[in-house]
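*Asks:* no sequence on this one, just coordinates:
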């Protein structure tokens, strides 16, 4: 029996490089998109079921910074998130995590998307009766007027009924609105992993010097 679960989705674009272009630049390192929506999870999968996120369903884009902000994305506008299903028993299938999130600049309207092309890591942990799923995808971020830019999309889910998330161009996870207090725990676990990896790398560089 499928149980409806709340999802806290925290996403990060950790840009790994940029495609060389004579006409455009990569999406800047201070760029982010935050949103809210609805999801269902089961023991073997986590599927976004509200694929058309909009203010009418009380789900919308919350924050746009960096390149997304200068391109005209604004708080409260609708956002389209595409369905995906994760199962530890099935091979990863590339998919577009979000698309059709358009800026509001009239004739200068621009669209953003992120294509997940690989699975970096996935784990499900139990904290008491709470199940938390952490999934990190690698892929390409696209924004009209900018070069396609490699990055990471980190997704954290737990079991209550809504999700909120942030796509960011850095490895630092930023705070997001919480559907429930325990939802932030999943974000903390995921953020801790990024911080530990960053700290270990910095320590290694200092030792070599």
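*Replies:* Here it is on my side, so go on. This one's a predicted model, so the numbers in the text were calculated from it and none came from an experiment.
*Asks:* Show me the shaky parts of the protein.
*Replies:* Low-confidence segments of the chain (pLDDT under 70): 1-23, 37-60, 77-81, 99-109, 157-209.
*Asks:* mind checking the longest strand of it?
*Replies:* Using DSSP state E, we find that the single longest strand of the chain is strand 111-127.
*Asks:* who does it touch, helix- and strand-wise?
*Replies:* strand 95-102, strand 130-143, strand 149-157 (3 or more C-beta pairs under 8 Å, 6 or more residues apart in numbering; DSSP states H and E). Any C-beta I mention is one placed from the backbone N, CA and C, and that applies to glycine too.
*Asks:* rerun at 10 Å
*Replies:* strand 32-41, strand 79-80, strand 95-102, strand 130-143, strand 149-157, helix 183-208 (3 or more C-beta pairs under 10 Å, 6 or more residues apart in numbering; DSSP states H and E).
*Asks:* Please spell out which residues along it are buried.
*Replies:* Going by neighbour count (16 or more other C-beta atoms under 10 Å), the buried part of strand 111-127 is 112, 113, 114, 115, 116, 122, 124.
*Asks:* any idea which of those is closest to residue 148?
*Replies:* residue 115 (8.7 Å; C-beta to C-beta).
*Asks:* for the closest one, what are its contacts?
*Replies:* Residue 115 makes contacts with 82, 94-99, 137, 139-142, 148, 153, as judged by C-beta atoms under 10 Å, 6 or more residues apart in numbering.
*Asks:* picking that back up, neighbouring strands - and their directions - for the longest strand of the chain?
*Replies:* strand 95-102 (antiparallel), strand 130-143 (antiparallel) (DSSP bridges).
*Asks:* and the angle from that strand to strand 149-157?
*Replies:* 40 degrees (axes from the mean of the first three to the mean of the last three C-alpha atoms, to 10 degrees).
*Asks:* Residue 146 versus the closest residue in space to residue 66 that isn't next to it in sequence, what's the distance?
*Replies:* Closest residue to residue 66 apart from its sequence neighbours, by C-beta to C-beta, 6 or more residues apart in numbering: residue 31 at 3.0 Å. Taking C-beta to C-beta, to the nearest Å as the measure, residue 31 falls 9 Å from residue 146.
*Asks:* Which one's more surrounded, these two?
*Replies:* Neighbours of residue 31 and residue 146, each counted by other C-beta atoms under 10 Å, are more numerous for residue 31; the result is 28 against 22.
*Asks:* Could you check how far the more buried one is from residue 115?
*Replies:* 16 Å.
*Asks:* Not counting its neighbours along the chain, what's nearest residue 75?
*Replies:* residue 62 (5.9 Å).
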